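# Provided below are the primary sequence and the corresponding predicted coordinates.
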Amino acid sequence: MFIQKVFENIEKIVNTDPSRPAIFQDDDTFSYLDFKNKISQIKSQLDKKNIADQAKVGLFANTSFVGYAAIYALAARNLTYVPLSINEAELRLQKIIEVAEIRYIICDRFYFDILQKLAGKYLRENAIEILLVEDGRSDSVDSSILSLKTDFANPMYLLFTSGSTGSPKGAYIDAQGVSNFLNWCEDYFKSDKTDIFLAHSRLTFDLSVFNLFLPFKTGSAVRIVKSMADQMYPGELLKNNITILLTVPRVTGLMLEAEQLGVEAYPKLKHVIFCGEKLYAAQVHAWGKTHKNLKVHNIYGPTETTVTCTVYNIENPANCSDPIAIGTVIPHMQINFLDVNQELVAGEFEGEGIISGVGVSKQDYCGFESGKFFDHPQLGRSFRTGDLLYRDKQGCFYWKARLDYQIKIRGFRVELLEIEAVLSEHPMVADAACVFNEKTQQIYAVLTLKLDIELNTIMKQFKELVETKLPSQMRPEKYIQFKTLPRNKNGKIDREQIKQTVFV
């Protein structure tokens with residue numbers, strides 16, 4: 001199992017080169033020995049608690065030294081980690097804790113006041129225990145503590161995304177799927193101890209798994225991105241000899257605006273990997289012009305199938321053209337198309353992508369039955385993606401569109417129906433629809449009201465409602481009032497007509 005090998009490698013480095021840098025955070029450098037000691041300290045805290053073997057433990061921490069160590073400590077105890085966003089809306093955070101049946105939360109002491117503000121009363125009423133940890137070095141501990149045998153019988157993590165039912169939905173991912181993904185990464189990127197990864201993704205985003213485990217298997221180091229400003233404009237951090245960057249395409253436009261993509265800007269950078277959104281040739285060109293030896297990759301995969309299941313190496317980043325492929329499948333994963341009789345469709349085809357293989361979640365979503373997971377007689381465990389994909393004659397895949405109302409914004413999956421469900425809770429709302437402007441990356445809320453009043457007179461109430469129930473990436477940036485919402489011949493809201501009206 002890949003994760004066990006990571007533990008063994010940390011132990012080996014501590015015994016041979018304990019001062020080797022493992023994590024760079026702000027102006028501080030934490031060695032492999034520091035990292036091991038912190039893992040051991042948090043694991044010791046967990047050992048003192050009577051935590052059930054099948055338990056899920058919340059993690060209320062930013063992407064940080066302590067956040068990384070806490071995840072390793074939970075893995076060492078074979079417990080499932082559930083990352084909880086420090087930017088989460090109050091009621092949504094409480095819903096996640098309730099649905100996941102979380103009884104313990106590891107909390108970075110720095111964020112304790114935020115946790116108390118968001119859910120203090122709720123946590124006390126439900127007897128949920130908080131384990132506070134300091135974000136800093138720990139005293140030395142038993143050197144054998146990482147050598148335990150870990151079988152990872154439980155899901156490794158439970159990650160919550162937006163849900164069409166009006167509530168967040170959690171995807172369980174097993175260590176077997178994580179190991180398959182990371183084994184492929186190690187072989188594909190050929191990382192070694194000279195590499196420095198930029199940990200650009202939040203712990204609540206599945207791309208974080210890449211930077212959480214791969215560097216410490218290869219003896220590399222990670223530079224942590226903590227601030228929102230550095231997430232949006234990572235140019236200054238990339239100058240710190242970063243060699244591998246995994247990010248979302250939208251960051252490219254922001255870096256261009258900030259003039260952070262000049263020629264020879266980052267000569268040490270070897271790989272830029274894009275995921276989470278549709279990638280365009282203009283974005284690739286911007287990176288291709290930085291230096292000729294840079295390798296640019298596009299990967300694709302829903303959270304439910306363990307980070308990614310395809311990869312495409314863009315051979316000429318400075319002069320490629322649209323559309324950019326999502327590529328071919330990684331080992332032990334498959335993408336297929338099924339006809340109405342659930343038979344496999346061969347050759348060139350366009351339709352809903354069905355993903356199968358070791359990375360597919362072994363359970364349905366935490367909290368409800370979706371019908372998206374199923375066992376196919378030929379493919380085995382499979383997942384209906386809701387993505388319209390195209391497979392060309394050579395077997396290369398392209399992402400075309402969503403088949404539902406899910407969008408990607410700043411890399412986050414957002415169900416517009418969840419936003420509509422929250423807005424409809426307001427007693428004055430007669431009808432609600434949300435549409436997404438791809439060009440401006442803005443969510444529009446279009447509302448009809450029950451009484452003959454102007455929307456702007458109660459706008460404050462809507463903003464307070466969404467701030468309480470929705471995270472920042474799901475809050476509409478524009479509110480528009482209609483007398484009635486347009487509908488198609490089937491009586492459903494005609495969102496395309498709404499887009500033509502409001503996107504001017």
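Now that the structure is in, tell me what you want to look at.
# Centroid-nearest residue for this structure?
Central residue of the chain (C-alpha atoms, centre = their mean): F205, 2.0 Å from the mean position.
# Show me which strand runs longest in the protein.
Counting by DSSP state E, the longest strand found in the chain is strand 380-391.
# in that strand, what's buried?
Of all the residues in strand 380-391, those buried under the rule 16 or more other C-beta atoms under 10 Å are R381, S382, F383, R384, T385, D387, L389, Y390, R391. (C-beta placed from N, C-alpha, C; glycine too.)
# from what I can see the fourth one touches H376, true?
No: the pair R384 / H376 is not scored as a contact, 10.6 Å apart, by C-beta atoms under 8 Å.
# low pLDDT regions in the chain?
For the chain, applying pLDDT under 70 flags the ranges 140-152, 164-166.
# Break it into its domains for me.
Domains of the chain are assigned by automatic domain parsing as 2-226, 332-402, 407-502.
# highest average neighbour count across those domains?
Each of those was scored by mean neighbour count; the highest is domain 2-226, a mean of 19, by mean count of other C-beta atoms under 10 Å.
# Now do the same contact list for E277.
V248, P249, R250, K408, G411 (C-beta atoms under 8 Å, 6 or more residues apart in numbering).
# Kindly recompute the last result at 6 Å.
Contacts for E277 (C-beta atoms under 6 Å, 6 or more residues apart in numbering) come out as V248, P249, K408.
# now L388
Taking C-beta under 6 Å, 6+ apart, we find L388 in contact with K400, A401, L403.
# Let's see that with 8 Å instead.
Per C-beta under 8 Å, 6+ apart, neighbours of L388: E350, G351, E352, G353, W399, K400, A401, R402, L403.
# need the contact list for E257.
By C-beta under 8 Å, 6+ apart, no residues touch E257.
# any idea how far it is from G235?
Using C-beta to C-beta, to the nearest Å, E257 is found at 11 Å from G235.
# can you check R20 too?
R20 is 26 Å from G235, by C-beta to C-beta.
# And for G353?
Distance from G353 to G235, by C-beta to C-beta: 34 Å.
# List phi and psi for the nearest residue to H426 once chain neighbours are set aside.
Sequence neighbours aside, L465 is the residue nearest to H426 in space, at 6.0 Å (criterion: C-beta to C-beta, 6 or more residues apart in numbering). Torsion angles at L465 (phi, psi; degrees, to the nearest 10) stand at phi -60, psi -50.
# What of the one 3 residues further on?
As for T468, its main-chain torsions (degrees, to the nearest 10) stand at phi -80, psi -30.
# list the contacts for it?
Taking C-beta under 8 Å, 6+ apart as the test, what T468 contacts is A89, E90, L91.
# Go ahead and confirm the second one touches K121.
The one in question is E90. No: with contacts counted by C-beta under 8 Å, E90 stays clear of K121, the gap being 10.4 Å.
# Quick check: A199 touching I224?
Yes: between A199 and I224 there is a contact at 5.1 Å, judged by C-beta under 8 Å.
# Report the set of residues contacting both of those two.
T63.
# How much space separates the closest residue to D195 other than its chain neighbours from I3?
Excluding the flanking residues, the one nearest D195 by C-beta to C-beta, 6+ apart is S220, at 4.1 Å. Counting by C-beta to C-beta, the gap from S220 to I3 is 16 Å.
# Show the contacting residues for A61.
A61 touches G67, A70, I86, I106, C107, D108, Y111, V133, D135, L203, counting by C-beta under 8 Å, 6+ apart.
# Quick check, the fifth one in contact with L115.
Yes: with contact defined as C-beta under 8 Å, C107 reaches L115; the gap is 5.5 Å.
# shared neighbours of those two, anything?
F60, I130.
# is it fair to say E464 lies in a strand?
No: secondary structure assignment (DSSP: H, G, I helix; E, B strand; the rest coil) places E464 in helix, not in a strand.
# how near is it to M156?
E464 is 37 Å from M156, by C-beta to C-beta.
# what does N15 give?
Where M156 is concerned, N15 sits at a distance of 26 Å (C-beta to C-beta).
# do the same with Q406
Distance from Q406 to M156, counting by C-beta to C-beta: 24 Å.
# K460 too?
Using C-beta to C-beta, K460 is found at 42 Å from M156.
# got it, and V209?
V209 is 9 Å from M156, where distance means C-beta to C-beta.
# What pairs with the longest strand of the chain, parallel or antiparallel?
Sheet pairing of strand 380-391 (DSSP bridges) gives strand 349-357 (antiparallel), strand 373-376 (antiparallel), strand 397-402 (antiparallel).
# for the closest residue to Y312 other than its chain neighbours, what are its contacts?
Of all residues not flanking Y312 in the chain, G327 sits nearest, at 2.9 Å (C-beta to C-beta, 6+ apart). Applying C-beta under 8 Å, 6+ apart, we find G327 in contact with N298, I299, Y300, T310, V311, Y312, N313, C396, F397.
# make it 10 Å
297-300, 308-314, 395-398 (C-beta atoms under 10 Å, 6 or more residues apart in numbering).
# quick one, what contacts the residue sitting furthest away from the middle of the chain?
Within the chain, the residue lying farthest from the chain centre (C-alpha atoms, centre = their mean) is D452, at 42.0 Å. For D452, the contact set (C-beta under 10 Å, 6+ apart) comprises K483.
# With L269 instead?
So L269 contacts 196, 198, 238-239, 241-245, 287, 290-291, 293-295 (C-beta under 10 Å, 6+ apart).
# can you rerun that using 7 Å?
Listed by C-beta atoms under 7 Å, 6 or more residues apart in numbering, the contact set of L269 reads L238, I242, T243, L245, L294.
# Tell me how many other residues surround the fourth one.
Look at L245: counted by other C-beta atoms under 10 Å, it has 23 neighbours.
# my guess is it contacts F274, does it?
No: counting by C-beta atoms under 7 Å, F274 is not a contact partner of L245; they are 9.4 Å apart.
# How much space separates L245 from F374?
Relative to F374, and taking C-beta to C-beta, L245 is found at 36 Å.
# Check S424 too.
S424 is 31 Å from F374, by C-beta to C-beta.
# just T308 next, same as before
In terms of C-beta to C-beta, T308 sits 21 Å off from F374.
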